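Participant: Need coordinates for the below:
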Amino acid sequence: MKKIVCPLILICIVLCLSCAERSYSQNLALHKKYTVSSAPNYALTSPDPNQTLLTDGVYTSDPKFWISKTTVGWQSLKKLTIEIDLAQSSPISKVSFNTVRGNAGVEFPQDIFVFTSTDQKNYAYIGDAASDPDNVHGAYEVKKFTLSNINRTARYVKFVIIPKGAYVFCDEIEVNAGNSASKDGSGQLTANTDIVVDSLVKSKKHVQAIAYRIKNMSALLNNNSNNESPEDMVASLNEQALNAKLSSVRAQWAANLRNKFSGQFVIDKVSPWQSVTAPYQPKGGSDNSYNITVPVNGVEYGAFVVTNLQTSKQAFTCQFSGAGEVSDPELFAVPFVTSGRAHNEIADPLVPVTGSVDLDGGESRMFVFKIVGKKAGQAKAALKIQSGTSSANLSLNVNVVNASFGSDFSLNANVWAYLNYPLVADRQAQAIADLHDHHVNTMIVPPNVLPVVGRSDFSKYNNYIAQVKSFKNIFIFMNLASGGYKNSFKTVPFLSDQWKSNFVNWYGQIVQGAQAVGISASQLYLYPYDEVRGADVVNSTNFLSWLRQAHPEIKTFGTLVDQTGTDKIMPLLTISQLLKTMSGMTGIANANASAHDLWVYETDANSEALPAYTYYRLLSWQSFVYGLQGVGFWDYADATGKLELDQYDGVNTINYSVIYHGPGQQILSSRRWEAFKLGIEDFELLKRYAQKHGMEQAKQLAQSVLDQPDDLTKADAVRAQILQSL
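Facilitator: The predicted structure is shown next:
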């Protein structure tokens, strides 16, 4: 009898284990409904109109995850929420989120926060599925991020994804069944998951920043006792312990500085365009004098770094005196913002100084002053820096030259300044004034305020065009590219007779709306395609050829990024703006521009770390030497979120903006934005110099600046030379 029973028992055990395994691995989310906080907006993946793809059980098999119609994609989001309704409460063991990393800014998500709920009112925070040691930058890889050991009963599962970069892609989400519900309904619940997420993100960024400051400062101190990686520190120490460690390292840093310098603080004279990073090591030079040459109504800049040598926090005040008859001074503190995966701290935003500035022990702060010319003349000025009973003086020799700028500059400037971007949407009038102040004369009407060709509601366009009527050039961005915002040719085929007729009526309304607010038709440029590639080259060529033949009065603009597009499309455009990295300035200058205008632009990301001098200012000097008519960069205000300084994240987001979100309706500039402005003024001065001394001599002078890109004072020296000669 025993010989019979034992095999039966073993069989039963195996069957039970098999059933348990099947139950445990069952995907409860399969074919279940879900909602998303933002509709998918990446054109090369599926729009997922019925919200079915993420729970259909189908994983992407295409070679590239982000061009597959079994994948869903989002771009330029600060946060994405996906909530799945399991139809009934069930025990849950684990969840997974299948995503990708690769090139062109595609990264695994920074965070995948998971919440569960039984009633869709109260939620329990479960954990972060993206907390994985393999969640790092790297080559193309598809990865399933899993959060296990949940052991909770729930009907609703909410995923809150925080992007790391510009994109989020996913093809499948799974919620696996469990056998235990021991935590059902237990633990701390919240009705507002946004508050929990914001707190988690802020805390995570804060402790990461502390750990990197410890590491960077320890490295400069050659402190081998702090050889842990920032990731290890975050994993092993809480915020309180990290702060204590940072205080200790800062004290060592300040003591090290006091061994090198005397007094309560030290001042370094630096170039306004110099890269200043933290921790900053002062030089303590003796040159504290500045020679400022500036035209009437023009500007010039100077800069210095103050380092507090004390172990405790000190308040610093700065006060100008003298030269008030010929110039007006402005002073800006330049705080550090983080950039890149190494958490580099870079001095970039310009924050007006209205009172004292506090510096911790051993801390450094960059300051930039701006001198605005009022009337011709020479004067001496001083800038007094004081902390407690100690003070230091900077001397300024100000020479305001009897030359002035008008409102119309020779060099065109286009920075894709969309007024509906989050960074400026609530301060559009201020943005327009700021753009004019920086000599930008071109505005683009974005696709999302234009009706589709064939439609008749121009209300959004009319409102937008009224706001930008003060600009010289207006580009009407249709975005006809494959998958573009206005790609709606299913009912009326592109370039069919009906489409052409619709277009003529459509463009007539565009002109009429512009003329109603005082913009002439000659100021309008149709911008049908952006960065034309692939199949769009043929469509663009056909459209522009027809337009030139049938409606030669319509002027056009386009951006070009490769030789094929340039060869075929440039001869058909009124204005061509070429990507500088396509073939360099020499290649652009050699391009066949016919009799049309040729402009240049840049598109690099993580812009807070880009060099103000060579990337932003010298672009105009290069344009003068190579005979170009316009400059630009992407983008004036393209950033994830509003770039609040106290929450700035240049580590996990990709920023292109040259401005920051200030208090109230204020816009904060950057050293890069001011350098771009100076470059446009430099071009104007070079042109005037050429009128007086000849173009060849002017180009030689400009080339002398380009030949020494590492000399950050060269452009200012040549600028002063030109002003004196005029």
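
Participant: What about V270, how many residues nearby?
Facilitator: 21 (other C-beta atoms under 10 Å). Every C-beta, even on glycine, is put in place using the N, C-alpha and C of the backbone.

Participant: Kindly report the same for S199.
Facilitator: Around S199 there are 10 other residues, counting by other C-beta under 10 Å.

Participant: now swap in R101 and tell me
Facilitator: 24.

Participant: any chance you could read off phi and psi for it?
Facilitator: R101 adopts backbone torsions of phi -130, psi 160, taken as degrees, to the nearest 10.

Participant: Bridged to it, which residues?
Facilitator: Legend: beta-bridge partners of R101 under DSSP bridges are E141.

Participant: Tell me how far it lies from Y167.
Facilitator: 10 Å (C-beta to C-beta, to the nearest Å).

Participant: Helix, strand, or coil at A720?
Facilitator: Using DSSP: H, G, I helix; E, B strand; the rest coil, the structure places A720 in helix.

Participant: Surely it touches T293?
Facilitator: Yes: contact status for A720 versus T293: in contact at 3.9 Å, counting by C-beta atoms under 8 Å.

Participant: who's more crowded, these two?
Facilitator: T293 (22 against 17).

Participant: Spit out the contact partners of the more buried one.
Facilitator: Going by C-beta atoms under 8 Å, 6 or more residues apart in numbering, T293 touches E300, N399, V401, R719, A720, L723, Q724.

Participant: Need phi/psi at it.
Facilitator: The phi/psi pair for T293 (degrees, to the nearest 10) is phi -110, psi 120.

Participant: Where do the helices of this protein begin and end?
Facilitator: For the chain, the helices defined by DSSP state H occupy 2-25, 193-221, 230-236, 239-260, 428-437, 459-467, 497-516, 536-550, 563-569, 580-590, 618-625, 671-693, 695-706, 714-725.

Participant: which one of the ones you listed lies closest to T45?
Facilitator: Ranking the helices of the chain by proximity to T45 (C-beta to C-beta) places helix 536-550 first, at 18.2 Å.

Participant: Give me the below-cutoff pLDDT ranges for the stretch 601-726 of the chain.
Facilitator: Counting by pLDDT under 70, the stretch 601-726 of the chain shows low-confidence ranges at 641-642, 652.

Participant: what do R101 and Y167 both touch?
Facilitator: Common neighbours of R101 and Y167 are listed as E107 (criterion: C-beta under 8 Å, 6+ apart).

Participant: Could you dump the contacts of T293 into TSV with distance to A43 added?
Facilitator: Shown next, in TSV, are the contacts of T293 (distance: C-beta to C-beta, whole Å):
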residue	distance to A43
E300	45
N399	54
V401	52
R719	44
A720	49
L723	49
Q724	54
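
Participant: Among those, which one sits closest to T653?
Facilitator: Relative to T653, the closest of these is E300; by C-beta to C-beta it sits at 33.3 Å.

Participant: In the sheet, which residues pair with the residue nearest to the closest one when sequence neighbours are not counted? Tell me.
Facilitator: Computed as C-beta to C-beta, 6 or more residues apart in numbering, the closest residue to E300 that is not its neighbour in sequence is V294, at 4.2 Å. Under DSSP bridges, the beta-bridge partners of V294 are V400.

Participant: burial measure for V294, as a count.
Facilitator: V294 has 24 neighbours, counted by other C-beta under 10 Å.

Participant: thinking it is in contact with Y301, fair?
Facilitator: No: proximity of V294 to Y301 does not meet the contact threshold set by C-beta under 8 Å, at 9.6 Å.

Participant: quick one on the thing from earlier: of the contacts of T293, which is the nearest to A425?
Facilitator: Among these, E300 lies closest to A425 (C-beta to C-beta), at 33.0 Å.

Participant: and the closest one, what is it in contact with?
Facilitator: Neighbours of E300 in contact, by C-beta under 8 Å, 6+ apart: I292, T293, V294, K370, I371, G373, D716.

Participant: make it 6 Å
Facilitator: I292, V294, I371 (C-beta atoms under 6 Å, 6 or more residues apart in numbering).

Participant: before we move on, what about S607?
Facilitator: N655, Y656.

Participant: Kindly provide the distance from it to A639.
Facilitator: On the measure of C-beta to C-beta, S607 and A639 end up 9 Å apart.
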